[in-house]
Structures are given as structure tokens and as C-alpha cells.
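Colleague: fold the stuff below for me.
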Amino acid sequence: MLRHTWGLPVSTREAIVTAAGEGYAGIEGPAPTEDFDAISAALAEHDLQWICLMGTQGATVVDHVNSFREKTTAAAKLGARAIVSHSRADSFDAHEAISFFREVQAIERDLPVQVAHETPTPPTRTILEKFALLKRCCDFSNELDAHERWWDKIWHAQSSAGRGTLTMTPEFGPPMYLHTIPHENAPVADLALVVRWMASRLRQRYQPT
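Modeller: Next up is the predicted model:
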């Protein structure tokens, strides 16, 4: 179980201390802008892992491919346990998306860490049919019951395949992802408590047997 760090009004080091205190195995977030040596030491001190959250940028397929190469290479050098990539532009058509993933899969083969892609919905089916071995970050944001049934299937499939580790990150964003009171812009809930509640629910549902 990992604690997400993006959108939190605290430093990465503070997030690490909080994650350790709440029983998480690591954090998931962008590469820290602070002194990474200090962050790496803090992770080691609390025996936590780091999964890098990144996104590709640019105006063209070539731009996004180059962005992917630069960011994944940097994350691997910084010691990321794995990488979650928000890959390609929402505006890419099927042809552009296929060109992008053909290039990045070649890049992935030379990386020492695994990359899971969180892709915009269209044209995901086309991508999955074209690239059967593409690893995806399963970001399900539907109603809770459907979300958990889908995770049950993934959990059992991965277990049956003999996979030793499966990570999940209960992630809820800050305002404006988190609803706010009209005219006041005050959050309707405490974000930290929401994440903590979900983490507890997931631990109970998927605790090792």
C-alpha cells in the first residue's frame, strides 16, 4: 500500500514521515524538487519505497517520446521502485497513439524498472489490442462497489499468475478534485482522513491470507 504525495500541502519529507507513521510501504509521487539525497535518506530511514509518478509533455508524438525517455531515465537513476506514466496527449488520434507506444515500448526494454501507463480513455481499446503486453496503471474512478469488484479480479489474476508484489495507491486529489462548498471554496472533507479511510478499507479487503 502506497501513499500518494501529489497535491499535498506538505514537503516530500513530511509526507514520508506521515506515510511511515500510517503503515504505508512507500510513497507514489513526482520526483522531488528538494534535495534528493536527503529524500533518499529519509526513505531508507523509514524503509519506504518510491514509485515515480510522471507525465509526458509536448506538442507532437516525437516530443512526448523524448519526454518519456528523459523522465523515465532520470527516475531510474534516482532509484524509483517503479514508474507510473501519464502517457501521450489526450488529443492524439489512434495512429499517433500507436506510434507513441511503439517507440516507448522499445525504450522500456532498456530500463531497469517497470513502467505502468495511465492512459486517456480514447482510444485505449485500440492500444490494448495493438500492444497486448503493455503494462497499465489501473486507475479506476467509478463508484466504489464497481471499483472494488474490478480490483478483486485483478488481485486474483495477479495472485494466480504468481506475482509476488502488487501495489495500490488510494489517491484522492486536492481541491478542485475534492469537492468544495459553493462560494466559499472550503473542502467538504479532510483529504488526509479520506485517504486514511480508503487505505484502511483496502487493507481489510486485501490483507495477506
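
Colleague: burial measure for the closest residue to residue 112 other than its chain neighbours, as a count.
Modeller: Closest residue to residue 112 apart from its sequence neighbours, by Cβ to Cβ, 6 or more residues apart in numbering: residue 76 at 5.5 Å. For the C-beta atoms, the positions are set from N, CA and C on the backbone; glycine is no exception. Using other Cβ atoms under 10 Å, the number of residues around residue 76 comes to 17.

Colleague: for residue 76, what are its contacts?
Modeller: Applying Cβ atoms under 8 Å, 6 or more residues apart in numbering to residue 76 gives the contacts 83, 111-113.

Colleague: can you select the buried ones among the residues you listed for me in ChimeraX?
Modeller: Buried residues among those (16 or more other Cβ atoms under 10 Å), as a ChimeraX selection:
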select :83
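
Colleague: packing partners for the helix or strand of the chain with the lowest mean pLDDT?
Modeller: Lowest by mean pLDDT, DSSP states H and E among the helices and strands of the chain is helix 124-130, with a mean of 78. On a contact count with 3 or more Cβ pairs under 8 Å, 6 or more residues apart in numbering; DSSP states H and E, helix 124-130 meets helix 94-108.

Colleague: pLDDT on the following helix or strand past the helix it packs on, on average?
Modeller: Using DSSP states H and E, the helix or strand that follows helix 94-108 in sequence is strand 115-118. Strand 115-118 comes out with an average pLDDT of 90.

Colleague: ok, residues contacting strand 115-118?
Modeller: With contact meaning Cβ under 8 Å, 6+ apart, strand 115-118 is reached by 72, 82-87, 101, 104, 108, 134-137, 139.
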